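Visitor: Predicted structure and sequence below. I'll ask about it afterward.
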Amino acid sequence: MIKAPLLVILGPTAVGKTELSLSLAEQFNGEIISADSRLFYRGMDIGTAKPSPEEQARVPHHMIDLCAVDETLTLGEYQDRVKALIADCHQRGKLPMLVGGTGQYIKAVVEGWGIPRVGPHPELRAVLGKMPVAELARWLDELDPAAGQRVDKQNPRRVIRALEVILVSGRLLSELQAKTPPDWSIFKLGLFRDREALYQRIDDRVDLMLENGLEQEVRRLHEAGYGWNLPAMSGLGYRQFAPYFAGESTLAEAVERIKFETHRFVRHQNNWFQPSDETINWTDAAADDLLATAQATVSNWLYSAKTDA
């Protein structure tokens, strides 16, 4: 049997994923499934560089505008929704395209991460939160040595979450997190650029966001009662306005902070997808023949996926 295909287009912020994914989707009858956690939130359009209405009209998009600013979408919920969307695309004869830069979300889907479906238990967290993190870490090592090796012992929140899952479910976290790779033909196309050129693209995009009304967007959300402590409001392009709105910095300083933090975020994104990862087909996004090369590569993959089956 022919394995159902999944095209993944990944890379750091501002590298050029949007235009390439639109062009490839138009050629290969694809639909875009966002793997950018910042696009989940309604009303956060400019600061997240959300695809414009015109871009979304060119090709069907999914996993965008799902939540209010004060709502959350867990990794497990994301994984479930995307798996259902991929199955629906396959059933309708469409090519599902997972596009974005949030490495954790991409890996959760393509590697089939086991994600514990254990909700938060505030009372248990409160009790664990009173214990020294070193004691919590020793307890985790005793209960689940394998999980203890993977969890960041310097991060109390992660240690508490690991213990919460074990104590509530009665199962080892390492067992619940076992991977079950999906039975798809997966092709990962990674985009990269020279770092200084990428930083310049980021800076230019932030300047354009300001021209398009980023300050007004953030002010509207803040005045609507959405606090800086919310995950959505603590992200790039939003939290950096807090000192400015409080009269503690200038607008220029807030903009420079956004640029600086985005540069740092790009370096963090690179930790998820290494150039040495042989499962990723890396392509220079600045190449003049980027589109033609990507079209030929994807076409060859789709043909091989059929003939090898």
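Guide: Cool, got the structure.

Visitor: Quick check: can you name the pairing partners of the longest strand out of those in the chain and their directions?
Guide: With secondary structure taken from DSSP state E, the chain has its longest strand at strand 184-192. On the basis of DSSP bridges, the sheet neighbours of strand 184-192 come out as strand 4-10 (parallel), strand 280-284 (parallel).

Visitor: and those strands as TSV, adding mean pLDDT and distance to residue 52?
Guide: For every residue, glycine as well, the C-beta is placed using N, CA and C. Output for these, formatted as TSV (pLDDT from 0 to 100; distance: least, Cβ to Cβ, whole Å):
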stretch	mean pLDDT	distance to residue 52
strand 4-10	97	18
strand 280-284	96	24
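
Visitor: Name the nearest residue to residue 203, sequence neighbours excluded.
Guide: The spatially closest residue to residue 203, leaving aside those adjacent along the chain, is residue 259, at 5.1 Å (Cβ to Cβ, 6 or more residues apart in numbering).

Visitor: what pLDDT does the one you found get?
Guide: Each residue has a pLDDT score; the one for residue 259 is 98.

Visitor: Would you confirm that it contacts residue 200?
Guide: No: under the criterion of Cβ atoms under 8 Å, residue 259 makes no contact with residue 200, lying 10.1 Å away.

Visitor: Which one of those two is surrounded by more residues?
Guide: It is residue 259, of residue 259 and residue 200, that has more neighbours when counted by other Cβ atoms under 10 Å, with 18 against 13.

Visitor: how close does the more buried one get to residue 207?
Guide: From residue 259 over to residue 207 the distance is 9 Å, taken as Cβ to Cβ, to the nearest Å.

Visitor: so what does the helix or strand where residue 293 lies touch, helix or strand wise?
Guide: Assigned by DSSP states H and E, residue 293 belongs to helix 290-307. Where contact means 3 or more Cβ pairs under 8 Å, 6 or more residues apart in numbering; DSSP states H and E, helix 290-307 is packed against strand 4-10, helix 17-28, strand 184-192, strand 280-284.

Visitor: how deep is residue 192 tucked in, by neighbour count?
Guide: When counting by other Cβ under 10 Å, one arrives at 19 neighbours for residue 192.

Visitor: scratch that, residue 180
Guide: Residues contacting residue 180 under the criterion other Cβ under 10 Å number 9.

Visitor: Confirm it sits in a helix?
Guide: No: per DSSP: H, G, I helix; E, B strand; the rest coil, residue 180 lies outside any helix segment and is coil.

Visitor: OK, contacts around it?
Guide: Applying Cβ atoms under 8 Å, 6 or more residues apart in numbering, one finds that residue 180 lies in contact with 112, 114.

Visitor: Could you tell me which ranges of the stretch 1-150 of the chain sit under the pLDDT cut-off?
Guide: Counting by pLDDT under 70, the stretch 1-150 of the chain has low-confidence residues at 1.

Visitor: how about the helices in it?
Guide: Counting by DSSP state H, counting those that start in this stretch, residue ranges of the helices within the stretch 1-150 of the chain are 17-28, 53-58, 75-91, 103-110, 122-129, 133-143, 145-150.

Visitor: What of the stretch 151-300 of the chain?
Guide: Remark: helices of the stretch 151-300 of the chain, listed N- to C-terminal, are 156-169, 173-176, 195-211, 214-223, 242-245, 251-272, 290-307; assignment by DSSP H, counting those that start in this stretch.

Visitor: distance between the longest one and the chain's centre?
Guide: Here the centre of mass of C-alpha atoms in helix 251-272, compared against the chain's by Cα atoms, centre = their mean, to the nearest Å, lies 16 Å away.

Visitor: Tell me what angle that helix forms with strand 4-10.
Guide: 140 degrees (axes from the mean of the first three to the mean of the last three Cα atoms, to 10 degrees).

Visitor: Brilliant, that's me finished.
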